[in-house]
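# from the sequence below, what's the structure:
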Amino acid sequence: MKPFLDWSPLVVFFLIFKLFGIYWATASLMVTCTLVLFAHRCSAGSFKTTHLITVAVVLALGAATLLLHDKRFIQWKPTVLLALTAVAFLGSMVIGRQPLARRLLESVFKEPLDISARAWLFINILWVGWFALLAAANIYVARNFAESAWVNFKVFGISAAMLLFMIPQVLWLNSRVRAAESGAAPP
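Okay, here's the model as predicted:
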């Protein structure tokens, strides 16, 4: 159920865009993100920080898009969220006891990982750069391509890019679990 909730705003945005255009899709995104926020609150008992930030950005940029009838505001939404994510990863290197990449990726594995603090910092910096690159790519596509190309990039391109970015890391981390389990020296 959770993955369905997390992906529902993107799916609804895409379907409504294909049927009715960018302004209806923007309104549906605003409603769907808000519903996801409250659905998570009802099921988990608390608000999720990422949902709160997403809803704030979506409502602000979505309202500007609809009130000013200017699609550029909603096209900035992925850039704003990706840039904020890059800043969060960067800030986690100084605030908190572990970089955000470590907290995120270590939580996926039940076994301890044999990775140095320096390696975690490097991985975290990769995440900062990746999110910043995607933020810039979103604006580039929004400014230089047709609206439908931007929607496809937003829905499929960013999602595929994140998956391609994460797969090698998960595979590498998985090899570090085996090294820790077998007692062998890591490669």
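# for the residue positioned nearest the centre of the chain, which residues are in contact?
When Cα atoms, centre = their mean is applied to the chain, the residue found nearest the centroid is Leu82 (6.5 Å). By Cβ atoms under 8 Å, 6 or more residues apart in numbering, Leu82 lies in contact with 131-132, 134-135, 138, 158. Quick note: C-beta positions are derived from backbone N, CA and C, even for glycine.
# and which of those residues is nearest to Arg72?
Asn138 (11.9 Å; Cβ to Cβ).
# any idea of the mean pLDDT for the strand or helix carrying that closest one?
Assigned by DSSP states H and E, Asn138 belongs to helix 117-144. Per-residue pLDDT over helix 117-144 has a mean of 96.
# in the chain, which helix or strand is least confident?
Least confident element among the helices and strands of the chain, by mean pLDDT, DSSP states H and E: helix 158-182 (a mean of 82).
# please state the offset of that one from the chain centre?
Using Cα atoms, centre = their mean, to the nearest Å, we find the averaged C-alpha position of helix 158-182 to lie 17 Å away from the chain's own average C-alpha position.
# got the domain boundaries for the chain?
As given by automatic domain parsing, the domain ranges for the chain are 1-71, 76-187.
# any idea how far Asn144 is from Leu173?
Taking Cβ to Cβ, to the nearest Å as the criterion, Leu173 is separated from Asn144 by 36 Å.
# these two: which has the busier surroundings?
Regarding Leu173 and Asn144, a neighbour count based on other Cβ atoms under 10 Å identifies Leu173 as having more, with 18 against 9.
# mind listing what that one touches?
The contact partners of Leu173, by Cβ under 8 Å, 6+ apart, come to 105, 108-109, 113, 115.
# among those residues, which lie within helices?
Taking DSSP state H as the definition of helices, the contacts of Leu173 contribute Leu105.
# neighbour count and distance to Gly62 added to the contacts of Leu173, as TSV?
What follows is the contacts of Leu173, written out as TSV (neighbours: other Cβ atoms under 10 Å; distance: Cβ to Cβ, whole Å):
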residue	neighbour count	distance to Gly62
Leu105	21	32
Val108	11	32
Phe109	14	37
Leu113	19	40
Ile115	20	40
